[in-house]
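Asker: Here is a sequence with its predicted model. Questions after.
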Amino acid sequence: MRDRHPALIDHIRAAHPYGPTQLAALDRLQDEAVGAPMQPLDAAPDSAAWAAWGANYFGKPWSQAPFLWAESYFYRRLLDAVDFFTQGPWYWIDLFAHLKTAELRDPTLEPELAALEHILDLPPQKRTEVLLLASLWGNRADLGFRIGVEAAVGNHQDAAGLIADDTAPVLSLLHTGPQPIAVIADNAGRELLADLILIDHLLDQHGGTTIELHVKPAPYYVSDATTADVTACLRRLADTPGASAAIAGHLRAAMQDGRLALRTHWFYCAPFSFHRAPADLTQMWEPAALVLLKGDLNYRRLVGDCGWAPTAPFQEAAGYYPAPVVALRTLKSEVVVGIDAKTVQDLEDHDPAWRTNGSRGTVQFLARRM
Ligand SMILES: O=P(O)(O)OC[C@@]1(O)O[C@H](CO)[C@@H](O)[C@@H]1O
């Protein structure tokens, strides 16, 4: 937070032609980010909620609030500073849109999308595995994580990088037949493209499958996916002729006939773990035969952003979750569970930053509670 948040404010200032009001608000937030006491939200529809959530933290340094709480509040304050929710010229202008767009315009994407033809040649079960892992490693493409830090992302996109691997039970569940699935998205851009390609395959594999894709209700953690980002990704897929464009067409058709539906909920931008999810959100998760939970932040929310021993069982940390769940995550923050003791020791010996450098991944699965 000390390094990343000031760097992000500088970046946002430079990227947009804001006027004196927004610049002054960004300056105030910058002062807070480097040590001034945390201030409450200005008048906004959700300021009463934040006033209650933050009663113990306002007036104190940001470092005294829990990390998840403080990060979430920082992104809410950024939206406030740039008048995102204020009627006027900056209303609902995504301050991170240029970063997400740049990722979709990256010329290296074109050959990757063109190579999709080869994936379609794989037998269906192998294709599920390849696309599931592509969706996992897509989580490395995280813009918030890169801003302000040098992520030592090594070349671990292989079996050695996967330090907990429940792929087998997930694949057998996915191959049982048509079922309702939920995907709780993380980042836009490359990661969301990989998620959409997986979604297309799952819909195609068993007619009758339905998928709900959950996105953030507003810009968050720089690159988190919103509805606008799903639209942008569908356009990007459609721009590359062949398999990629065909996938875009299938997904649009699935949205039109209701097999694929977008969902969102205010709680996805709230500063809490999923233990506190409100009933109308848990009711969206419960019918799913499998929830694919993407990314580092959703993982922190699933297990609780706290000091678990890395060897603590995944079941102990996530057993409360109301549906079968697979967490597909690359490690960018300290919280992790379900890693065997020998692997932890090896990682500590050979790569002490393994929990935060984004180079390791986990596929962790929990079946439905009995
Ligand atoms: O949820 P994502 O996009 O995978 O990662 C988000 C995230 O890793 O960015 C920061 C980097 O440490 C963390 O605070 C946060 O968990």
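Answerer: Received the coordinates, thanks.

Asker: residues of stretch 125-139 that come out buried?
Answerer: By neighbour count, and taking 16 or more other Cβ atoms under 10 Å as the criterion, the buried residues in stretch 125-139 are 127-139. For the C-beta atoms, the positions are set from N, CA and C on the backbone; glycine is no exception.

Asker: Near the ligand, list only the ones from these.
Answerer: Asn139 (Cβ under 6 Å from any ligand atom).

Asker: Turn the buried residues of stretch 125-139 into JSON lines, including secondary structure and distance to Ala43.
Answerer: Shown next, in JSON lines, are the buried residues of stretch 125-139 (DSSP: H, G, I helix; E, B strand; the rest coil; distance: Cβ to Cβ, whole Å):
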{"residue": "Arg127", "secondary structure": "helix", "distance to Ala43": "51"}
{"residue": "Thr128", "secondary structure": "helix", "distance to Ala43": "49"}
{"residue": "Glu129", "secondary structure": "helix", "distance to Ala43": "51"}
{"residue": "Val130", "secondary structure": "helix", "distance to Ala43": "50"}
{"residue": "Leu131", "secondary structure": "helix", "distance to Ala43": "46"}
{"residue": "Leu132", "secondary structure": "helix", "distance to Ala43": "45"}
{"residue": "Leu133", "secondary structure": "helix", "distance to Ala43": "46"}
{"residue": "Ala134", "secondary structure": "helix", "distance to Ala43": "44"}
{"residue": "Ser135", "secondary structure": "helix", "distance to Ala43": "40"}
{"residue": "Leu136", "secondary structure": "helix", "distance to Ala43": "42"}
{"residue": "Trp137", "secondary structure": "helix", "distance to Ala43": "43"}
{"residue": "Gly138", "secondary structure": "helix", "distance to Ala43": "39"}
{"residue": "Asn139", "secondary structure": "helix", "distance to Ala43": "36"}
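
Asker: Adding pLDDT and distance to Val82, write the buried residues of stretch 125-139 out as JSON lines.
Answerer: Formatted as JSON lines, the buried residues of stretch 125-139 follow (pLDDT from 0 to 100; distance: Cβ to Cβ, whole Å):
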{"residue": "Arg127", "pLDDT": "91", "distance to Val82": "42"}
{"residue": "Thr128", "pLDDT": "94", "distance to Val82": "41"}
{"residue": "Glu129", "pLDDT": "92", "distance to Val82": "42"}
{"residue": "Val130", "pLDDT": "90", "distance to Val82": "40"}
{"residue": "Leu131", "pLDDT": "92", "distance to Val82": "36"}
{"residue": "Leu132", "pLDDT": "94", "distance to Val82": "37"}
{"residue": "Leu133", "pLDDT": "93", "distance to Val82": "37"}
{"residue": "Ala134", "pLDDT": "91", "distance to Val82": "34"}
{"residue": "Ser135", "pLDDT": "93", "distance to Val82": "31"}
{"residue": "Leu136", "pLDDT": "94", "distance to Val82": "33"}
{"residue": "Trp137", "pLDDT": "91", "distance to Val82": "32"}
{"residue": "Gly138", "pLDDT": "89", "distance to Val82": "28"}
{"residue": "Asn139", "pLDDT": "88", "distance to Val82": "27"}
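
Asker: Go through the buried residues of stretch 125-139 and name the one nearest Asp83.
Answerer: Taking Cβ to Cβ as the measure, Asp83 lies nearest Asn139 of the buried residues of stretch 125-139, at 30.9 Å.

Asker: residue contacts, the closest one?
Answerer: Asp186, Asn187, Glu191, Lys294, Gly295, Asp296, Leu328, Arg329, Thr330, Gly361 (Cβ atoms under 8 Å, 6 or more residues apart in numbering).

Asker: Give the bridge partners for the residue lying closest to it once chain neighbours are set aside, please.
Answerer: Using Cβ to Cβ, 6 or more residues apart in numbering and skipping the chain neighbours, the partner closest in space to Asn139 is Thr330 (4.6 Å). Here Thr330 sits in beta bridges with Gly361, going by DSSP bridges.

Asker: Need the pLDDT of Thr330.
Answerer: Looking at Thr330, its pLDDT is 95.

Asker: which parts of stretch 209-228 are buried?
Answerer: Result for stretch 209-228 [16+ other Cβ under 10 Å]: buried residues 209-216, 218-226.

Asker: Strands of the stretch 101-250 of the chain, start to end?
Answerer: 162-165, 180-184, 210-215 (DSSP state E, counting those that start in this stretch).

Asker: Quick one: list the elements packing against the last one.
Answerer: Using 3 or more Cβ pairs under 8 Å, 6 or more residues apart in numbering; DSSP states H and E as the contact definition, the elements that strand 210-215 packs against are strand 180-184, helix 190-205, helix 227-239, strand 260-264.
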